[in-house]
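Peer 1: Here is my input, please return the structure:
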Amino acid sequence: MLSMNSQGARVQVLLVEDDAMLGDALRTSLVASGMAVDWVGDVPEARLALIDHGYGAVLLDLGLPGGSGLAVLKYLRARYDATPVLIITARDRLSERVQGLDAGADDYIVKPFQLDELQARLRAVVRRSRNSVVSALRCRDVVLDPARRVVTKAGVEVTLSASEYRTLLALMERAGQTVSREQLEAAVYGGNGTIESNTVAVYIHQLRRKLGDDLVATVHGLGYRIAAANGS
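Peer 2: All right, here's what the predicted structure looks like:
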């Protein structure tokens, strides 16, 4: 049974389900299997829970108060967050399953389902995410390991907030390119237009303070750029 991560801690699961009876049954089953579960019931709560929390997996219903579960999934992927997502829904049309998978879901299970099958599918998506090989990103002496979500400078681990990490990831994935403030806002908040206009500048300031003043260059009027691996 897969209920621990590589450091021995319990897998933390975000359950997004508005049906009280089903949600309670799922949470009880998953906790009994050794997982830790946070349960929310609508889109705004799900987005809030995902801002600064690194979950091992997300169980996501599609029909939710306050919007569609697909909006939550797109929000997650827009921030370069590869957390495995298992969609749980009563929608069984092929076109809807394809839509969910195309939006970035890792698997799909249709209600009603057996709890044993859901647990098996959940273990499978978590296992696949751990076994996927993701190359580390490097700029000078700064290394970002997406698989472990760890950043080091000169071999020493540096603690970043979730928002700082996503900002750095968006820049390093586009090393050598100018990234606009709007692109970075989408990476951090999934395109939520209600954030303060100076939010990105604050995260850039924090990254420079923690990783070096010359790591991120400001391209005036256009955005920010981090040097490519070869220094260009």
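Peer 1: quick one: residue 121 and residue 88, what's the gap?
Peer 2: Per C-beta to C-beta, to the nearest Å, residue 121 is found 9 Å from residue 88. In short, each C-beta sits where N, CA and C put it, glycine included.
Peer 1: wait, residue 103 sits on residue 71?
Peer 2: No. Using C-beta atoms under 8 Å, residue 103 is not in contact with residue 71; the gap is 9.3 Å.
Peer 1: Give me the common contacts of those two.
Peer 2: Listed contacts common to residue 103 and residue 71 are nil; contacts here mean C-beta atoms under 8 Å, 6 or more residues apart in numbering.
Peer 1: How about the secondary structure of residue 98?
Peer 2: helix (DSSP: H, G, I helix; E, B strand; the rest coil).
Peer 1: can you list contacts of the helix ranked longest in the chain?
Peer 2: What stands out as the longest helix in the chain, according to DSSP state H, is helix 115-131. Residues from elsewhere that reach helix 115-131 (C-beta under 8 Å, 6+ apart): 1-2, 5-6, 11, 13, 25-26, 29-30, 33, 56-57, 59, 82-86, 88, 106-107, 109.
Peer 1: Sort out for me which of these are in strands.
Peer 2: Taking DSSP state E, the ones among the contacts of helix 115-131 that sit in strands are 13, 57, 59, 85, 86, 88, 107, 109.
Peer 1: Looking at the residues you listed, which one is closest to residue 45?
Peer 2: Lowest distance from residue 45 to the ones in strands among the contacts of helix 115-131 (C-beta to C-beta) belongs to residue 59, with 14.0 Å.
Peer 1: Tell me the buried residues in the helix or strand in which residue 143 is found?
Peer 2: Using DSSP states H and E, residue 143 sits in strand 142-145. For strand 142-145, the neighbour count (16 or more other C-beta atoms under 10 Å) marks 142, 143, 144 as buried.
Peer 1: just to revisit the earlier point, and the contacts of helix 115-131, which are buried?
Peer 2: Buried, going by 16+ other C-beta under 10 Å: 2, 11, 13, 26, 30, 33, 56-57, 59, 82-86, 88, 106-107, 109, out of these.
Peer 1: quick one: contacts of the helix or strand where residue 48 lies?
Peer 2: Secondary structure assignment for residue 48, by DSSP H and E: helix 43-51. Outside helix 43-51, the residues that touch it by C-beta under 8 Å, 6+ apart are 14, 16, 38, 40, 58, 60, 64-69, 71-72, 75-76, 81, 162-163, 189-190, 192.
Peer 1: again, only this time at 7 Å
Peer 2: The contact list for helix 43-51 (C-beta atoms under 7 Å, 6 or more residues apart in numbering) reads 14, 16, 38, 40, 64, 66, 67, 71, 72, 75, 76, 162.
Peer 1: what's the answer for stretch 11-27, then?
Peer 2: Here stretch 11-27 makes contact (C-beta under 7 Å, 6+ apart) with 3-5, 30, 35-42, 46, 49-50, 55-61, 64-65, 69, 72, 88, 126.
Peer 1: what angle sits between the helix or strand of the chain with the lowest mean pLDDT and strand 85-89?
Peer 2: The helix or strand of the chain with the lowest confidence, counting by mean pLDDT, DSSP states H and E, is helix 94-102 at a mean of 76. With axes from the mean of the first three to the mean of the last three C-alpha atoms, to 10 degrees applied, the angle from helix 94-102 to strand 85-89 works out at 160 degrees.
Peer 1: List the buried residues of helix 94-102.
Peer 2: For helix 94-102, burial by neighbour count (16+ other C-beta under 10 Å) applies to 96, 97, 99, 100.
Peer 1: how about these in JSON lines, adding distance to residue 204?
Peer 2: Formatted as JSON lines, the buried residues of helix 94-102 follow (distance: C-beta to C-beta, whole Å):
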{"residue": "96", "distance to residue 204": "39"}
{"residue": "97", "distance to residue 204": "40"}
{"residue": "99", "distance to residue 204": "35"}
{"residue": "100", "distance to residue 204": "34"}
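Peer 1: Cool, thanks, talk later.
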